[in-house]
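> following is a predicted model, sequence given first.
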Amino acid sequence: MAASLQCQECKQGFEAKRSDAKWCPTCRVEVHRKYIREYEHGRRKDCCPKCSAPKGKRAHFCRACNNKQQPWRKVGRDNANWKGGWTKANGYVYIRVSPEPDGPSGPYKAEHRLIWEKHHGPLPKGWVVHHLNGIRDDNRLENLAGMPRKRHNLKLVVAPYEQRIRELEAQLQGLK
């Protein structure tokens, strides 16, 4: 159903499929070109009005100022997905640490490394913390062993414990 309308640019009548059309087909192309040209030639401001940092051509503010404008945006403890500052990845537990007490939280660090360093001091360069029982989220101090990365091989690490495992299995058989 076509509608008879008057073009807002050239004031001539035209037939349109939509009743909300503003321009005839010829003027619509010209108006669009003019609009694009204004953006391309910098006639509109490309600086944030708050901090005068660069912003997108059609944005009102730069990204940083726009994020501050959003009161519903919650980060850290205010976020509904906050888990107390810990997360799990590849079986390991990671804790969010703060560089200074009561300061802003910093990056995530592996819990087993933090526990080892708390009791034994900083880990030397090239060393890793090994979980003796192989369970990556079992971060008890007696389950952690610091060793050079070169020695961190399953065959080398398990060999000393194989005899102890055999002894414990024999004790279990004796209890039955």
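Here it is on my side, so go on. Numbers count the residues shown, from 1 in each chain.
> domains in the protein, as residue ranges please.
Annotated domains of the chain cover 3-69, 85-175 [automatic domain parsing].
> mean pLDDT added to the ones you listed, as TSV?
As requested, the domains of the chain are exported to TSV (pLDDT from 0 to 100):
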stretch	mean pLDDT
domain 3-69	83
domain 85-175	86
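> thought residue 48 was touching residue 56?
No: using C-beta atoms under 8 Å, residue 48 is not in contact with residue 56, being 9.9 Å away. C-beta coordinates here come from the backbone N, C-alpha and C atoms, glycine included.
> so for those two, which residue has more residues nearby?
residue 48 (19 against 12; other C-beta atoms under 10 Å).
> what's that one in contact with, if anything?
54-55, 61-62, 65 (C-beta atoms under 8 Å, 6 or more residues apart in numbering).
> phi, psi for the closest residue to it other than its chain neighbours please.
Spatially, and ignoring its direct neighbours in sequence, residue 48 is nearest to residue 62 (3.8 Å; C-beta to C-beta, 6 or more residues apart in numbering). Note on residue 62: backbone dihedrals following degrees, to the nearest 10 are phi -70, psi 170.
> can you map out the helices along this structure?
For the chain, applying DSSP state H gives helices covering 25-40, 63-69, 111-120, 154-175.
> any chance you could list what contacts the longest one?
In this structure, residues lying in contact with helix 154-175 by C-beta under 8 Å, 6+ apart are 130, 132, 145, 147, 151.
> returning to that earlier point: quick one: buried ones out of the contacts of residue 48?
55, 61-62, 65 (16 or more other C-beta atoms under 10 Å).
> distance of residue 111 from residue 117?
Noted for residue 111: a distance of 11 Å to residue 117, by C-beta to C-beta, to the nearest Å.
> I misspoke; the intended subject was residue 99.
15 Å.
> next one: residue 125
13 Å.
> tell me the contacts of the closest residue to residue 92 other than its chain neighbours?
Counting by C-beta to C-beta, 6+ apart, residue 136 is the residue found nearest to residue 92 once chain neighbours are left out, at 5.0 Å. Shown in contact with residue 136 (C-beta under 8 Å, 6+ apart): 90-93, 112.
> and of these, the nearest to residue 82?
Residue 82 lies nearest to residue 93 out of these, by C-beta to C-beta, at 15.9 Å.
> what about the closest one, how many neighbours?
Neighbours around residue 93, by other C-beta under 10 Å: 18.
> what count of nearby residues applies to the nearest residue to it once chain neighbours are set aside?
Ranked by C-beta to C-beta, 6+ apart and with sequence neighbours excluded, the top spatial neighbour of residue 93 is residue 111, at 4.2 Å. For residue 111, the neighbour count with other C-beta under 10 Å is 18.
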